[in-house]
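1. no FASTA, just this:
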Ligand SMILES: Nc1ncnc2c1ncn2[C@@H]1O[C@H](COP(=O)(O)OP(=O)(O)OP(=O)(O)O)[C@@H](O)[C@H]1O
Ligand SMILES: [Mg+2]
């Protein structure tokens, strides 16, 4: 069964159609990188997967569960899909450790001691065990984003969604976040990544999607698409992000 | 004129009695007002349209009329309309609850709206129901932002209790008025009354400062 399946998905904001009958299926273990011009619907596509946006037509199945299936289905989908935002969105009143413990305790019902152990393990994995007691304000952008990734991983998702995870970071801080994402990909985590990091797409992506105007225009092997863009639109786009 | 300290000493027991009532009305009234305001504020921010209209109507009514008129209505008009007799103290407390609640509602709404949307989404995205997101993430953050404005409201409401002189509740101002009616020592009595208010409100201001320090805005 596919990890994620879009079936003729239509998403609109009032009169504006943002996803226009999108079909897409993502298999377990794939690293799908989504690129495209601003406003093409990349974030919206990602946010529809865990029902942060509601769709108007069609259906999305996440591990067989429909985003239109009601509260309990959506709850299960969200436990299954971790999300990382451009602006980190760490809870400012909690330490790094508390941020990571938060999901296991409050969404998974885990005991505090157990959650602490798990959170420390994951913080170690993203290289931040020494920052466990720091509040988000005391961390650099790159560190904050790694905590945010750890927080999403702590609910033990089967799928990770990244919405421009490095766009708010200084260039020299991006690599530390990208490294964590590479490690995840190497562990066969299913990932959907909206990004402008073309190198990441080439090296880590198993699949590249180019969106424009709410439609998937290209969908294929990153190395092939980037090496030999099949349309002038993609060629133009790549020139602009470089 | 000669300022007679003895007048103050004689009046002090009654004035302190009044001060106690002032504090009681303000404390119970504000506890209720904060609760009512928190509810109305959440309804205004997140509630369904029907409830939102109700909350809006309440806020419009209270902010659009003076407190004196509100307490007069509760004390004199409500018994006629509803057929229940309300004693002065109850009417006073009820007035503070209903009055401060309307202002608190708007404070609560403003603070809730000021919390970045992304934090709510981060909570929802990890599978929490909205009620938990509100209680564990947005609520505590918004509360810190409310403290200065809520502090203002507490100070205002405490001073507003002096208006209950009109329904004969023996709070501080009323006590001063009654003592003065007997001894005509306006300077001594109103000085004492003012100083007692000042002491209560200064203590309150320090309390608020302490809370603000303990719970800084993030
Ligand atoms: N909540 C909303 N209400 C109304 N319109 C919205 C909303 N969210 C997004 N849009 C519109 O939907 C379109 C697609 O937005 P989306 O955020 O998915 O684009 P994007 O491809 O992620 O762009 P960017 O690269 O700038 O992040 C845009 O035109 C945007 O203005
Ligand atoms: Mg976007």
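-> Happy to help now that I have it. Just so you know, these numbers come straight off a predicted model, no measurement behind them. Ligands and ions are numbered 1, 2, ... in the order given.
2. So what does residue 23 look like in phi/psi?
-> If you meant another chain, say so; for now it's chain A. Dihedral pair for residue A:23: phi -110, psi 140, per degrees, to the nearest 10.
3. For chain B, what lies in contact range of ligand 1?
-> Counting by CB under 6 Å from any ligand atom, no position of chain B is adjacent to ligand 1. In this view, the C-beta of every residue, glycine as well, is placed from N, C-alpha and C.
4. Please, where are all the helices along chain B?
-> B:5-46, B:49-63, B:67-72, B:78-82, B:88-114, B:117-125, B:130-133, B:139-160, B:172-183, B:186-214 (DSSP state H).
5. Show me the one of the ones you listed that comes nearest residue A:232.
-> helix B:117-125 (35.9 Å; CB to CB).
6. State the pLDDT value of residue 161.
-> No chain in the question, so chain A it is. Confidence at residue A:161, expressed as pLDDT, is 98.
7. hm, I was asking about chain B
-> 97.
8. lowest confidence element among the helices and strands of the chain?
-> Picking chain A for this. helix A:232-241 (a mean of 92; mean pLDDT, DSSP states H and E).
9. my question was about chain B
-> For chain B, counting by mean pLDDT, DSSP H and E, that's helix B:78-82 with a mean of 92.
10. ok, and what's touching it?
-> B:84, B:85, B:86 (CB atoms under 8 Å, 6 or more residues apart in numbering or on different chains).
11. From the contact counts, what lies against the lengthiest helix in chain A?
-> Taking DSSP H as the criterion, chain A has its longest helix at helix A:171-186. When contacts are defined as 3 or more CB pairs under 8 Å, 6 or more residues apart in numbering or on different chains; DSSP states H and E, helix A:171-186 packs onto helix A:141-153, strand A:190-194, helix A:198-204.
12. Okay, buried residues for it please.
-> A:173, A:174, A:176, A:177, A:178, A:180, A:181, A:184, A:185 (16 or more other CB atoms under 10 Å in any protein chain shown).
13. and if you look at stretch B:188-205?
-> Under the neighbour-count criterion of 16+ other CB under 10 Å, stretch B:188-205 has B:188, B:189, B:192, B:193, B:196, B:197, B:200, B:204 buried.
14. pLDDT averaged over that stretch - what is it?
-> 97.
15. Can you give the contact residues for that stretch?
-> B:3-5, B:7-8, B:11-12, B:15-16, B:19, B:22-23, B:151, B:154-155, B:158-159, B:162, B:172-173, B:175-176, B:179-180, B:183.
16. Contact partners for residue 180?
-> By default, I'm working from chain A. Contacts of residue A:180 (CB under 8 Å, 6+ apart): A:126, A:127, A:146, A:149.
17. wrong one, I was asking about chain B
-> B:186, B:189, B:190.
18. same check, this time on residue A:193
-> A:31, A:32, A:33, A:34, A:162, A:165, A:181, A:200, A:201, A:205.
19. Find me the pLDDT at it, would you?
-> In this model, residue A:193 carries a pLDDT of 98.
20. Identify the bridge partners of it.
-> For residue A:193, the beta-bridge partners are residue A:33, residue A:162 (DSSP bridges).
21. ok, now how distant is it from ligand 1?
-> Between residue A:193 and ligand 1 the distance is 12 Å, computed by CB to the nearest ligand atom, to the nearest Å.
22. Tell me which other helices or strands the least confident helix or strand of chain A touches.
-> strand A:207-212, strand A:215-220.
23. a markdown table for those strands, including mean neighbour count and distance to residue A:122?
-> Listed next are the helices and strands packed on helix A:232-241 as a markdown table, based on neighbours: other CB atoms under 10 Å in any protein chain shown; distance: least, CB to CB, whole Å:
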| stretch | mean neighbour count | distance to residue A:122 |
| --- | --- | --- |
| strand A:207-212 | 22 | 26 |
| strand A:215-220 | 16 | 32 |
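24. Can you say which of those strands is nearest to ligand 1?
-> Nearest of these to ligand 1, taken as CB to the nearest ligand atom: strand A:207-212 at 6.7 Å.
25. And for residue B:142, the neighbour number?
-> The tally of other residues near residue B:142 (other CB atoms under 10 Å in any protein chain shown) stands at 22.
26. try residue B:43
-> 21.
27. show me what contacts it?
-> By CB under 8 Å, 6+ apart, the neighbours of residue B:43 are B:51, B:52, B:54, B:55.
28. again, 10 Å this time
-> Residues in contact with residue B:43 (CB atoms under 10 Å, 6 or more residues apart in numbering or on different chains) are B:50, B:51, B:52, B:53, B:54, B:55, B:56, B:58, B:105, B:108, B:109.
29. So the nearest residue to residue A:148 once chain neighbours are set aside, which state does it fall into?
-> Leaving aside its chain neighbours, residue A:148 sits nearest to residue A:88 (4.7 Å; criterion: CB to CB, 6 or more residues apart in numbering or on different chains). Classification of residue A:88 using DSSP: H, G, I helix; E, B strand; the rest coil returns coil.
30. ditto for residue A:10
-> strand.
31. excluding its backbone neighbours, what's nearest it?
-> In space, residue A:10 is closest to residue A:57, 3.8 Å off (CB to CB, 6+ apart).
32. Give me the phi and psi for the one you found.
-> Residue torsions, per degrees, to the nearest 10, at residue A:57 are phi -150, psi 160.
33. What pLDDT is listed against it?
-> Model confidence at residue A:57, given as pLDDT, is 97.
34. same check, this time on residue B:103
-> 98.
35. dump the residue contacts of the closest residue to it other than its chain neighbours.
-> Leaving aside its sequence neighbours, residue B:103 sits nearest to residue B:153 (CB to CB, 6+ apart; 5.3 Å). In this structure, residue B:153 makes contact with B:30, B:33-34, B:37, B:99-101, B:103-104, B:106-107, B:146, B:160, judged by CB under 10 Å, 6+ apart.
36. List the contacts of the one residue in chain B that gets nearest to ligand 1.
-> In chain B, the residue that lies nearest ligand 1 is residue B:117 (9.5 Å; CB to the nearest ligand atom). For residue B:117, the contacting residues are A:87, A:89, B:138, by CB under 10 Å, 6+ apart.
37. What's the local residue count around the residue nearest to residue A:148?
-> The burial count for residue A:88: 24, using other CB under 10 Å.
38. what do you get for residue A:47?
-> Neighbour tally, residue A:47, other CB under 10 Å: 20.
39. Quick check, pLDDT for the residue nearest to residue B:71 when sequence neighbours are not counted.
-> Using CB to CB, 6+ apart and skipping the chain neighbours, the partner closest in space to residue B:71 is residue B:95 (4.1 Å). pLDDT recorded at residue B:95 is 97.
40. if I read this right, residue B:95 contacts residue B:65, doesn't it?
-> No. Using CB atoms under 10 Å, residue B:95 is not in contact with residue B:65, being 11.2 Å away.
41. Residue A:36 and residue A:236 touch, don't they?
-> No. Using CB under 10 Å, residue A:36 is not in contact with residue A:236, being 11.8 Å away.
42. Same drill for those two, tell me which one is more crowded.
-> Between residue A:36 and residue A:236, counting by other CB under 10 Å, residue A:36 is the more crowded of the two (24 against 11).
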